[in-house]
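# model the structure of this input:
(chains A and B)
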There are 2 protein chains.
Amino acid sequence: MKSAILTIGDEIVAGFSVDTNSVWLAQELLKRGISVVAKKSVGDDLEAILEVLKEWDGRFDLVISTGGLGPTHDDVTKTAFCRYFDSELMFDEDYWNALVERFRKRGYEIPANNRSQAEIPIKAVTFPNPVGSALGLKFSSQSTSFYVLPGVPREMKAIMTEHLLPELGSGEAVSIVTLRTTGIIESALAEKLKPVASELEGVLIAYLPAYTGVDLRLRGLQTGQRGKEQVEAAAAMIEAKLGELVYGRDDDKLEAVVGQLLKERQETLAIAESCSGGLTSSRITDIPGSSDYMLGAVVAYSNESKIAILKVKSETLERNGAVSEPTAKEMAEGVRSVFNAHWGIATTGISGPSGGTSEKPVGLVYLAVAGPQRTVAKEANLVPHRLPHKAATAQAALNLLRLEMLHGS
Amino acid sequence: MKSAILTIGDEIVAGFSVDTNSVWLAQELLKRGISVVAKKSVGDDLEAILEVLKEWDGRFDLVISTGGLGPTHDDVTKTAFCRYFDSELMFDEDYWNALVERFRKRGYEIPANNRSQAEIPIKAVTFPNPVGSALGLKFSSQSTSFYVLPGVPREMKAIMTEHLLPELGSGEAVSIVTLRTTGIIESALAEKLKPVASELEGVLIAYLPAYTGVDLRLRGLQTGQRGKEQVEAAAAMIEAKLGELVYGRDDDKLEAVVGQLLKERQETLAIAESCSGGLTSSRITDIPGSSDYMLGAVVAYSNESKIAILKVKSETLERNGAVSEPTAKEMAEGVRSVFNAHWGIATTGISGPSGGTSEKPVGLVYLAVAGPQRTVAKEANLVPHRLPHKAATAQAALNLLRLEMLHGS
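As a prediction, the model looks like this:
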């Protein structure tokens, strides 16, 4: 089964907008054994779209288009497909009423513009959009199925996941496993894996570094069951070699891994943040159900708030400074006590661009975890640029908590 | 001047990795009047890279390649360019020592792998990488300049910005202005602008909706001075029409706009967050220098912490619930008082997926701002999905603060 992806939008062609849709689609199709053999982008241009439809009809089994289904005048995708398939539009009163009601619930009067989204091509099958107002459409020719989807990634993905992926047959799938590591840099990881590299038969490894850690993507060279077994064997061997450097697989997030540990142990968490500024707390609360274990956080940017709210001793601050191991430990213990939580974690560092000295340079950070048995701290020199430093700090703090929950008590 | 972009990497071709580099490059070049007329992606494949070099040499004035300069064995970009330009490699002892020192400062011993990054092609000009270890390279043929850059976006951008963009001549530039709006949906915005749409001569408008607001991108159809004047006139007309719905231009961020207002007034801020979970605070602290006005934040997920730390009255919670206007107001006033700040802002809502009722559905949120003169609150029904709801809540809270600073006192 061969497929092609068409992304439609002036913004994409001119280089203003990043095409993440085709990446996601290619991966999801690959998992089901469908390879994407062509990708094209065209503007919101009736003739250009028609040309691609002519070119691809009959050449591929499956064509997926994204974009150009919005309510504004520059969106012409539906018109192009109707013209190609010689289909009329029918105004769907029920769908219009549903849209009116959906807007009303959100406190808006529906703009007249949106009426076009209730105009349904009579030759298309429609798919509900659980998170937006543009319906998904399917047109079929003799030998090609055309899926027509909105360009907003969340809407495209929701329609694909709920309606289209289930109806796409699964051929001989390619196996892919991603191992997620943190606390080690790419080149050190590569050295650690040198001894086993020769034993990873039939598997291609890619190193994907980020400020929060390095992902290892293992892809089977063979499809089907054989490839799956080889990838699984390779993943198990690498996990055994790396131990706790690996915190999860595939889409696992460190904040979810930590949350799961807390949930299993029926324990609670409170967070004290200085340099990470609320990011650690925001990541923990990204996880649905986190209110079961997350009690709260204090972002204590000023020394006064470290003393008044977190009960850090003023002598500690005077003697060691705000960016120090003793301060980090007292912040973690303080927030644990203020919220009456099982675990308290703390970050204090210098994210920059200013505030660094030769003794305490930009990038320096202290992390601490206070638990039922003990308090531990860690010094780290992370990337000395503000936003990556915040990201790396939050990750290191969550990882210290994970390791402490696994070992400390 | 014609240019082309080559992105190199197995990950990009297979659809595993999103190509943001070519988007950024196309925009930066366009601003300088250099149009990108070809874009291609190839894997980490010596022969494939050589083929593109042969094809493009002489055809374009400028070729920019990104990717494939890392320390691992699968990175072959440098080898390909050396082969094409028949250039030897020279080991740069000084650069190696600088790398060793850089790693040492971060607390790592440099892995042997990294030695390859100190091997410099003798026929290339090198450009320092301020944020990573792979140098930028420039090879020149009779009529084409090839810039060879790392694939990590921050590194590529740093080298471009500090070294290459300044040396690229500026031809007849295309003018682009983005107006950033929040608090109004795309279709309502389009209706508001209908009356002026016909007067926007020579300017193309694109609507770019996100959960945090809609950007309006204005692009001049003519290059040079004439286009610049037309875009400027259109931007001024639309700003006048939309008033305070526009919070900034181009890359302006709402958290920076709010920060600038606080700085000018020499006032301070404290934040109380429930449903937004620390995201509002994290955004404020993303801005360099925010410690001048940001005192801190409390993420009060539990009712107990709303009472104990923020001094919300337990009767208020009992009578109205945690998600209510009175609670939001007391949270804002409480955090303002705890941190002794000029301004306090608060969020309390239901981000989902659970916790909604028919009376208080998922998506409902109350925002409040307590200032020197008064406390105001606002009810909103935002997108009922957890992460977008958090994002939209933080944005709405910051916007309420902006409006209140402009008007309230």
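
# any buried residues in the helix or strand harbouring A:Lys390, and which?
In the assignment (DSSP states H and E), A:Lys390 maps to helix A:386-407. By 16 or more other C-beta atoms under 10 Å in any protein chain shown, the buried positions in helix A:386-407 come out as A:386, A:388-405. Bear in mind the C-beta positions are built from the backbone N, C-alpha and C, glycine included.

# residue farthest from the centroid of chain A?
The C-alpha centroid of chain A is most remote from A:Glu315, which lies 42.4 Å away (C-alpha atoms, centre = their mean).

# specify the local secondary structure of the residue nearest in space to the middle of chain A.
In chain A, the residue lying closest to the centroid (C-alpha atoms, centre = their mean) is A:Asp251, at 7.5 Å. Look at A:Asp251: counting by DSSP: H, G, I helix; E, B strand; the rest coil, its state is coil.

# distance of it relative to A:Arg32?
Going from A:Asp251 to A:Arg32 by C-beta to C-beta, to the nearest Å gives 17 Å.

# do the same with A:Pro288
Using C-beta to C-beta, we find A:Pro288 at a distance of 27 Å from A:Arg32.

# and A:Leu364, by the same measure?
47 Å.

# tell me if the longest strand anywhere in chain A is near chain B.
When chain A is parsed with DSSP state E, its longest strand is strand A:213-223. Yes - looking at strand A:213-223 against chain B by C-beta under 8 Å from any C-beta of the partner chain, the contacts come from A:217, A:219.

# what residues does the helix or strand that that strand is followed by touch?
Scanning forward in sequence from strand A:213-223 by DSSP H and E, the next helix or strand is helix A:224-242. Contact with helix A:224-242 is made by A:172-177, A:179, A:181, A:189, A:192-193, A:195-196, A:199-203, A:205, A:216, A:218-222, A:246, A:249, as judged by C-beta atoms under 8 Å, 6 or more residues apart in numbering or on different chains.

# and the angle for helix A:224-242 with strand A:213-223?
Note on geometry: by axes from the mean of the first three to the mean of the last three C-alpha atoms, to 10 degrees, helix A:224-242 and strand A:213-223 are set 150 degrees apart in direction.

# pull out the buried positions in helix A:224-242.
A:227-228, A:230-231, A:233-235, A:238-239, A:242.

# which part of the stretch 301-409 of chain A gets nearest to chain B, residue-wise?
Using C-beta to the nearest C-beta, the single residue of the stretch 301-409 of chain A nearest to chain B is A:Ser305, 4.4 Å away.

# tell me, how many residues neighbour that residue?
24 (other C-beta atoms under 10 Å in any protein chain shown).

# does it touch B:Leu295 like I think?
Yes - between A:Ser305 and B:Leu295 a contact is recorded at 6.2 Å, counting by C-beta atoms under 8 Å.

# measure A:Gly296 to A:Arg283 for me?
Separation of A:Gly296 from A:Arg283 (C-beta to C-beta): 14 Å.

# show me chain A divided up by domain.
As assigned by automatic domain parsing, chain A contains the domains A:2-167, A:174-249, A:254-407.

# any chance you could list what contacts the helix or strand where A:Ile284 lies?
Using DSSP H and E, A:Ile284 sits in helix A:279-285. Helix A:279-285 is contacted from outside by A:253-255, A:258-259, A:269, A:271, A:273, A:290-291, A:294, A:296-297, A:299, A:345, A:347, A:390-391, A:393-394, A:397-398, B:276-279, B:281-282, B:285, B:299, B:301, B:390, using C-beta under 8 Å, 6+ apart.

# of those residues, buried ones?
Buried members of the contacts of helix A:279-285, scored by 16+ other C-beta under 10 Å, are A:253-255, A:258-259, A:269, A:271, A:273, A:290-291, A:294, A:296-297, A:299, A:345, A:347, A:390-391, A:393-394, A:397-398, B:276-279, B:281-282, B:285, B:299, B:301, B:390.
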